[in-house]
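> give me the fold of what follows.
(chains A and B)
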Number of protein chains: 2
Amino acid sequence: MSTVTVVGSIAFDAVETESGKRDRLLGGSATHFSLASSFFADTRVVGPVGEDFGEAEFAVLHGRGVNTDDIEIVAGGKTFFWAGRYERDVNVRHTLQTDLNVFESFAPKLSPESAGADVLFLANIVPALQIAVREQCEKARFVALDSMNLWIDVARDDLVRAIGMVDCVILNDRELRQLTDEPNLVRAARAVLGLGPRVVVAKQGEYGAAMFTADEVFALPAYPTPDVVDPTGAGDTFAGGFVGFVAAHGDEDLRSALAYGTALASFNVEAFGTERLQTLTGEEVAERVSALERITRLDAAPVQLRA
Amino acid sequence: MSTVTVVGSIAFDAVETESGKRDRLLGGSATHFSLASSFFADTRVVGPVGEDFGEAEFAVLHGRGVNTDDIEIVAGGKTFFWAGRYERDVNVRHTLQTDLNVFESFAPKLSPESAGADVLFLANIVPALQIAVREQCEKARFVALDSMNLWIDVARDDLVRAIGMVDCVILNDRELRQLTDEPNLVRAARAVLGLGPRVVVAKQGEYGAAMFTADEVFALPAYPTPDVVDPTGAGDTFAGGFVGFVAAHGDEDLRSALAYGTALASFNVEAFGTERLQTLTGEEVAERVSALERITRLDAAPVQLRA
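As a prediction, this is how the structure comes out:
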């Protein structure tokens, strides 16, 4: 059985949307990733929390069988806190507060078990740490990486080096364009492939995702949900489904991996924080993947065209 | 054989992009639409031009067999002129100049042949005129309509009435959201279906298009082209492919219609103005539709998911 290790943030989120307001939700990239990944493979979380992180939060992760042995409880520390507000158009987000707290001095310590995972996800943390973690995981046969505009701005060289050490990059399409200074997505993705990875996944939010390899492009729309409550963590949930699928079933069928990631992300946005993933069943995931197949099925009629 | 009538603008465009600059391109919604539609069905253009519109311009339309009998040459008038500049990111467009000229006092005069078409496309003109044209075309079995943010702002009631008189609405997703004051696309599309039409197509630019009917959603990414020279007219070319397909093959297979529209639009952006459509062959269109099938093909593996 394959194991996935994810290194990233574990957080408390305060979120305000049209649908309501929550003061303290379990959040963070590693949290959202691991809940999704747990549908496919044993998943281990590496990240720091403060003393305010308690039984209730661990219970959410354990409820989906996530291994939390490498969650480091920092004595006297407080957990990473993020507060944000989404407009009625949930594509518009305002960050109200970011307290890094224990995340500020995070130095990932991987147990032999976490370092020995055959699949690794480097969630959005400072690129130098991504490199350090990558170097600790010598046995990993598939490594994927996320990042953000901040690191493109302030740590570009490290990020490019980190990208050169992974198999797969999963970024927002805007970030791919920014990283490569190339507004055309196809050209941007090709430029990132040129940095080393063999797979580039462009997350496109409500529009879905596109995947680029040396000889293939695959594009999948998002599941058209009328019920978006809280988009926080959708990208990490997507990555968890994608990478978890690869851990369980190899990297031969990356289209399916992308479909499962898309399905999981579409559930994540239907409730606040981790609420929807906590009650989600495998059957529901399978049904939504089938729905994605129906929604995207194209068997175009070959017709006579006029010269 | 089905006939398509399109009522809309015929224009000269001055366009500036990263790829170069053109001072006087044949353009306009009816022009782009008809060149695409001509791959499927006899197409008749209804619209006004000035005395500056000459043999060269007619030749482009005739070159694809488009019927121009109802192009009205206004004595002493000048053709609609639009000038725009696209940034390096071609999704950002700046309008530099708009001279309505003969288009300002356009009152569509349809010959019996144009009024008798069984398929009608009401390109983006003032909604009151769309209504007047719709009323003249009593035999039309499929009528589609485009519009723009301006009419949503200044002629909303007329536009809603026009929408109630057509079978199909083809709008940018932004316009669908604006029209319905509903930021969620699924809800916006449903609201427009509630106004009368049985098909709503959301154009999403580089992300593709989505189609909504009472019991179905279909989403198709755009063809991922690395070579965007001039996006002007892509939406009308898309509509021309979509509506032209329906004229030739009925409205049973709207997914194929959308795929052909998408393919044609992807060619349109590869050169300035109508240049690419003028040399395009049916074989090339068929190949690109096949490429779209390959790019979007999803046969997701049914896998064991962990409870």
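
> counting by contacts, list what whichever strand or helix holds A:Pro48 packs against.
Using DSSP states H and E, A:Pro48 maps to strand A:42-49. Other helices and strands packing on strand A:42-49, by 3 or more Cβ pairs under 8 Å, 6 or more residues apart in numbering or on different chains; DSSP states H and E, are strand A:3-7, helix A:29-37, strand A:71-73, helix A:112-115. Glycine gets a C-beta too; all of them are placed from N, C-alpha and C.

> and the contacts of the next helix-or-strand element following the last one?
Going back to what we said before, that points to helix A:112-115. Sequence-wise, the next helix or strand beyond helix A:112-115 is strand A:119-122, with elements assigned using DSSP H and E. Strand A:119-122 is contacted by residues A:2-8, A:33, A:37, A:41, A:130, A:133-134, A:137, A:140-146, A:162, A:166, A:239-240, A:243, A:246-247 when judged by Cβ atoms under 8 Å, 6 or more residues apart in numbering or on different chains.

> give me the buried subset of these.
A:2-8, A:33, A:37, A:41, A:130, A:133-134, A:137, A:140, A:142-146, A:162, A:166, A:239-240, A:243, A:246-247 (16 or more other Cβ atoms under 10 Å in any protein chain shown).

> count of residues packed around the closest residue to A:Leu100 other than its chain neighbours?
Excluding the flanking residues, the one nearest A:Leu100 by Cβ to Cβ, 6 or more residues apart in numbering or on different chains is A:Phe80, at 6.0 Å. By other Cβ atoms under 10 Å in any protein chain shown, 26 other residues sit near A:Phe80.

> got it, and A:Phe121?
A:Phe121, neighbours per other Cβ under 10 Å, totals 33.

> not counting its neighbours along the chain, what's nearest it?
Using Cβ to Cβ, 6+ apart, the closest residue to A:Phe121 is A:Val6 (4.4 Å).

> A:Asp69 too?
A:Ser111 (6.2 Å).

> distance of that neighbour relative to A:Val126?
21 Å (Cβ to Cβ, to the nearest Å).

> of these two, who's got more company?
Legend: neighbour count by other Cβ under 10 Å for A:Ser111 and A:Val126, higher for A:Val126 (18 against 13).

> next one: phi and psi at that one?
phi -60, psi 130 (degrees, to the nearest 10).

> hey, where'd the strands end up in chain A?
Ranges of strands in chain A, per DSSP state E, are A:3-7, A:11-17, A:20-27, A:42-49, A:71-73, A:80-86, A:93-99, A:119-122, A:142-145, A:168-172, A:199-203, A:209-213, A:216-220.

> got JSON lines for the ones you listed, with mean pLDDT and distance to B:Gly76 too?
Below are those laid out as JSON lines (pLDDT from 0 to 100; distance: least, Cβ to Cβ, whole Å):
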{"stretch": "strand A:3-7", "mean pLDDT": "97", "distance to B:Gly76": "72"}
{"stretch": "strand A:11-17", "mean pLDDT": "98", "distance to B:Gly76": "58"}
{"stretch": "strand A:20-27", "mean pLDDT": "97", "distance to B:Gly76": "63"}
{"stretch": "strand A:42-49", "mean pLDDT": "98", "distance to B:Gly76": "74"}
{"stretch": "strand A:71-73", "mean pLDDT": "97", "distance to B:Gly76": "79"}
{"stretch": "strand A:80-86", "mean pLDDT": "98", "distance to B:Gly76": "55"}
{"stretch": "strand A:93-99", "mean pLDDT": "97", "distance to B:Gly76": "54"}
{"stretch": "strand A:119-122", "mean pLDDT": "98", "distance to B:Gly76": "68"}
{"stretch": "strand A:142-145", "mean pLDDT": "98", "distance to B:Gly76": "65"}
{"stretch": "strand A:168-172", "mean pLDDT": "98", "distance to B:Gly76": "53"}
{"stretch": "strand A:199-203", "mean pLDDT": "98", "distance to B:Gly76": "52"}
{"stretch": "strand A:209-213", "mean pLDDT": "98", "distance to B:Gly76": "51"}
{"stretch": "strand A:216-220", "mean pLDDT": "97", "distance to B:Gly76": "50"}
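
> from the ones you listed, which stretch is densest packed?
strand A:119-122 (a mean of 30; mean count of other Cβ atoms under 10 Å in any protein chain shown).

> apart from its neighbours in sequence, what residue is nearest A:Val74?
Using Cβ to Cβ, 6+ apart, the closest residue to A:Val74 is A:Val102 (4.2 Å).

> isn't that neighbour right up against A:Ala75?
No: with contact defined as Cβ atoms under 8 Å, A:Val102 does not reach A:Ala75; the gap is 9.7 Å.

> these two: who's more crowded?
Ranked by neighbour count (other Cβ under 10 Å), A:Val102 and A:Ala75 place A:Val102 first, with 25 against 8.

> got a list of what the more buried one touches?
Contacts of A:Val102 by Cβ under 8 Å, 6+ apart are A:Pro48, A:Val49, A:Gly50, A:Val74, A:Gly77, A:Lys78, A:Thr79, A:Phe80.

> between those residues, which is nearest chain B?
A:Val49 (24.3 Å; Cβ to the nearest Cβ).
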